[in-house]
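Visitor: I would like to see how this sequence folds:
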Amino acid sequence: MKEEAVVLGEEIGRWFGYFFYIAGFAILFSTNTGIVDYVSRLTADSLKTGYLARNEFWSESKLYFVAAWIISIGGAIIIWSGIEPLWLLVIASSGGRVVMFLYSGMLIWLNRRILPEPIKIKGARLIVVALTFAVFAVLSTYLVYWYVNAALTGQL
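Guide: Down below sits the predicted model:
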């Protein structure tokens, strides 16, 4: 990103290099804020409608708050660990398939066990979710195998 900003600054004007940094920051910040919000909402909703349905202490708002802070603190710890930014990008992009694997499995579980009959996913839609689960299960298994193998052989 730095090299791109320098080249753009030289070609268009120095101001454009700074503008590129500001635009990149705005896009990355808004994307990550949206992801934290999205994952926290899904987590809170799934936990409250499932495991904690009868729990009076854990409201959906409290679960959202805790999930958002766990994600934020976890992200800060990862950044402070000194991992190369390229590895963070690889982990973030490949981690999405693991999340989709877990999410589609949780969606099937919710449909089969918790949701009332009128709103359950049925037929072709359930088959698509099951196929999605299977595909992401294979991809996630391969990803974990690749990371473990790379760690054991010193390639990480």
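Visitor: list the helices and strands the helix or strand harbouring residue 35 packs on?
Guide: If you go by DSSP states H and E, residue 35 is part of helix 14-49. If you count contacts as 3 or more CB pairs under 8 Å, 6 or more residues apart in numbering; DSSP states H and E, helix 14-49 packs onto helix 2-11, helix 60-80, helix 85-113. The way it works is simple: take the backbone N, C-alpha and C, and place the C-beta from them, glycine included.
Visitor: hmm, who's touching stretch 6-19?
Guide: 5, 20 (CB atoms under 8 Å, 6 or more residues apart in numbering).
Visitor: send the alpha carbons of it over as PDB?
Guide: Extracted in PDB, the C-alpha atoms of stretch 6-19 (Å, rounded to 0.1, in the frame of the first residue of the first chain):
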ATOM      1  CA  VAL A   6       4.100   6.900  -3.200                       C
ATOM      2  CA  VAL A   7       3.600   6.200  -7.000                       C
ATOM      3  CA  LEU A   8       0.100   7.900  -7.000                       C
ATOM      4  CA  GLY A   9       1.600  10.900  -5.100                       C
ATOM      5  CA  GLU A  10       4.400  11.200  -7.700                       C
ATOM      6  CA  GLU A  11       2.100  10.800 -10.700                       C
ATOM      7  CA  ILE A  12      -1.000  12.800  -9.600                       C
ATOM      8  CA  GLY A  13       0.300  15.000  -6.800                       C
ATOM      9  CA  ARG A  14       1.500  14.700  -3.200                       C
ATOM     10  CA  TRP A  15      -2.000  15.400  -1.900                       C
ATOM     11  CA  PHE A  16      -3.300  12.300  -3.700                       C
ATOM     12  CA  GLY A  17      -0.900  10.000  -1.800                       C
ATOM     13  CA  TYR A  18      -2.300  11.300   1.500                       C
ATOM     14  CA  PHE A  19      -5.800  11.000   0.100                       C
END
